[in-house]
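[1] Sequence unavailable; structure follows:
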């Protein structure tokens, strides 16, 4: 009986062994990929992040839209050892170019962008020349950004030629499961869009179904190796792995040529400062710059190092093509750059000084209206140069009517003629006191009839509601005199027009300067 039981047990074990051998499922695609990933990978990896950190399970974001006979969609990759293989020990990332002193050299004299240097279709946007005909961030004008996959063509945002605008977004109707063949045509949850038609089976060059889209996991940069694995900027998908082009490294999520990139010069994160450039993995001055005091300068434009180190421009000069020169339209006069078309100290040329009171206009010295130059000053047109003096020959007792024409001691120069001097105290005040009695109490500010001194001080160069009472040398502009010429009633004179003799006396006194004599 024991032998019989032993034989039965051995038969069961033999049967179980056969079933295990022939009924075990074949290895999955991801298991094959896992075996392949254990081999050495020559492609460049990011210093801080590997490609599998962004892997997402397609099943968690879709509504059971996987193809039933496609095992790839149902295979998790949680056990993929590649995710635990960081390249943290790569010494390149921590290898700054310490022996390159130029890396800390600012370029302080780089001029701002001149709009004249921009191309025909370019504008200055954010301090840079930008082609607004083709730049998606500034399409047609600065700040007008194209969105949702659009490109900028001839200054207008549009979808690429292989795509259409559906619901405000550009999409490829040949493979979009939500817009398959035309906008709004959605495939079933278990279908994918291939060549503009919904299908339950992906085939040909795109045999893999990722969220309703037929792709090739070996070459698709948005689904590289596994659905949802997106390659970084500049990377391509080769044999299911994201790789940067030959000679580039993955820095900050982008493929960078560290031999020439100023933000990653020689290694990721090693940035050149102050507009320096990266050449052969080292920071340095640009080809049109020179190094002065361990800093980079443009000798063609640097005001401190014009043409060569230490040659500083001064006194308003600027550095033009390596030479200190005055700005266009100016000349160097007395060590300073001046505009000889408007500078009164250098009018029309260095050292040409305009007279006092004159201005320099279009390289010509000009006095104000109704004035002329005499004795180095702008004076009235009535002034004449007599010897070294500038005099008014209509008023000057030593040059009355002409140079060296002198009036006698009892005469005054009146309108260019020597006439008997009129005394305010002797000739004018009695007339005012007698004929203008209505103002003896100070009406209108006048004080006729009190004393000669108070009367004089109340009328000469004093102003009332009608104007200045007496303006020296200007009888017709003296309010008191014009009132004397005739009105009757309560205003002066109270009894009508004064006689000609009295009027002439007052007039001559005013024309002789209205002196308090």
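    Yes, it's here. Worth saying up front: this structure is predicted, and the values here are computed from it rather than measured. Numbers count the residues shown, from 1 in each chain.

[2] CA atoms for contacts and neighbours, from now on please.
    Will do.

[3] quick one: low-confidence parts of the stretch 1-150 of the chain?
    Residues of the stretch 1-150 of the chain that meet the criterion pLDDT under 70 lie in 1-117.

[4] mind running it again at 80?
    Confidence mapping of the stretch 1-150 of the chain against pLDDT under 80 gives the ranges 1-117, 147-148.

[5] before we move on, what about the chain?
    Of all residues in the chain, those with pLDDT under 80 make up the ranges 1-117, 147-148, 189, 274-275, 294, 434-450, 465, 485-498.

[6] Quick check: can you list the domain ranges of it?
    Structural domains assigned to the chain are 326-371, 422-511, following automatic domain parsing.

[7] Show me the helices in the protein, by range?
    2-23, 29-37, 429-435, 452-459, 479-484, 500-511 (DSSP state H).

[8] follow-up on the earlier one: any idea which of the domains of the chain gets closest to residue 135?
    Residue 135 sits nearest to domain 326-371 of all the domains of the chain, at 36.0 Å, using Cα to Cα.

[9] Would you mind giving both backbone torsions of the residue nearest to the spatial centre of the chain?
    Of all residues in the chain, the one closest to the mean position by Cα atoms, centre = their mean is residue 127, 6.9 Å from it. Dihedral angles of residue 127 (phi, psi; degrees, to the nearest 10) stand at phi 80, psi 10.

[10] roughly how far apart are it and residue 142?
    According to Cα to Cα, to the nearest Å, residue 127 stands 11 Å off from residue 142.

[11] And for residue 301?
    Where residue 142 is concerned, residue 301 sits at a distance of 29 Å (Cα to Cα).

[12] more crowded one of those two?
    Using other Cα atoms under 10 Å, the more surrounded residue of residue 301 and residue 142 is residue 301, with 21 against 16.

[13] Which parts of the stretch 351-500 of the chain are strands?
    Taking DSSP state E, counting those that start in this stretch, the strands of the stretch 351-500 of the chain run over residues 359-361, 364-366, 371-374, 377-380, 383-386, 389-392, 411-414, 417-420, 463-464, 467-468.

[14] Would you mind finding the most buried of those?
    Burial of the strands of the stretch 351-500 of the chain is given as mean neighbour count (mean count of other Cα atoms under 10 Å); strand 411-414 ranks first at a mean of 24.

[15] Could you spell out the sheet neighbours of that strand, each with its direction?
    Strand 411-414 pairs in its sheet with strand 417-420 (antiparallel), by DSSP bridges.

[16] for the partner strand, the distance to its chain's centre please.
    Offset of strand 417-420 from its chain centre (Cα atoms, centre = their mean, to the nearest Å): 72 Å.

[17] same thing with stretch 380-395?
    57 Å.

[18] Quick check: end-to-end length of that stretch?
    End-to-end distance for stretch 380-395: 13 Å, by Cα to Cα.

[19] who's in contact with the residue lying closest to residue 380 once chain neighbours are set aside?
    Excluding the flanking residues, the one nearest residue 380 by Cα to Cα, 6 or more residues apart in numbering is residue 371, at 4.6 Å. Applying Cα atoms under 8 Å, 6 or more residues apart in numbering, we find residue 371 in contact with 378, 379, 380, 381.

[20] Around the nearest residue to residue 181 once chain neighbours are set aside, how many other residues sit close by?
    Nearest non-adjacent residue to residue 181, counting by Cα to Cα, 6+ apart: residue 196, 4.0 Å away. Look at residue 196: counted by other Cα under 10 Å, it has 18 neighbours.

[21] Going forward, count from 14.
    Right, with 14 as the first residue, what we last looked at is residue 209.

[22] Surely residue 209 and residue 184 touch.
    No. If you go by Cα atoms under 8 Å, residue 209 and residue 184 don't touch, sitting 11.6 Å apart.

[23] thinking again about what came up before, quick check: the residue nearest to residue 393 vs residue 282, distance?
    73 Å.

[24] now do residue 230
    Distance from residue 230 to residue 282, counting by Cα to Cα: 32 Å.

[25] More neighbours: these two, which one.
    Using other Cα under 10 Å as the criterion, residue 230 and residue 282 rank with residue 230 on top: 26 against 17.

[26] That one: what's it in contact with?
    Counted by Cα under 8 Å, 6+ apart, residue 230 has contacts 221, 236, 237, 238, 239, 240, 253.

[27] Let's have the contacts of residue 384 in a markdown table, adding distance to residue 522.
    Converted to a markdown table, the contacts of residue 384 look like this (distance: Cα to Cα, whole Å):
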| residue | distance to residue 522 |
| --- | --- |
| 391 | 28 |
| 392 | 25 |
| 393 | 22 |
| 394 | 23 |
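
[28] quick one: contacts for residue 197?
    When contacts are counted by Cα under 8 Å, 6+ apart, residue 197 touches 179, 191.

[29] can you give me phi and psi for it?
    In terms of degrees, to the nearest 10, the main-chain angles of residue 197 are phi 90, psi -10.

[30] distance of the closest residue to residue 525 other than its chain neighbours from residue 463?
    Once flanking residues are discounted, residue 525 sits nearest to residue 427: 5.4 Å by Cα to Cα, 6+ apart. For residue 427, the distance to residue 463 (Cα to Cα) stands at 29 Å.

[31] just residue 412 next, same as before
    In terms of Cα to Cα, residue 412 sits 37 Å off from residue 463.

[32] Looking at those two, which one has more neighbours?
    In terms of neighbours (other Cα under 10 Å), residue 412 is the more surrounded of residue 412 and residue 463; the figures are 22 against 14.

[33] Next up, the contacts around that one.
    For residue 412, the contact set (Cα under 8 Å, 6+ apart) comprises 399, 404, 405, 406, 418, 419.

[34] With residue 495 instead?
    Taking Cα under 8 Å, 6+ apart, one finds 488, 489 in contact with residue 495.

[35] With residue 253 instead?
    230, 231, 232, 233, 237, 238, 239.

[36] Write the ChimeraX selection for whichever of the residues you listed are buried.
    A single ChimeraX command selects the buried members of the contacts of residue 253 (16 or more other Cα atoms under 10 Å):
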select :230,231,232,233,237,238,239
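
[37] Reformat the contacts of residue 253 as a markdown table; add distance to residue 180.
    Converted to a markdown table, the contacts of residue 253 look like this (distance: Cα to Cα, whole Å):
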| residue | distance to residue 180 |
| --- | --- |
| 230 | 28 |
| 231 | 31 |
| 232 | 29 |
| 233 | 25 |
| 237 | 28 |
| 238 | 30 |
| 239 | 28 |
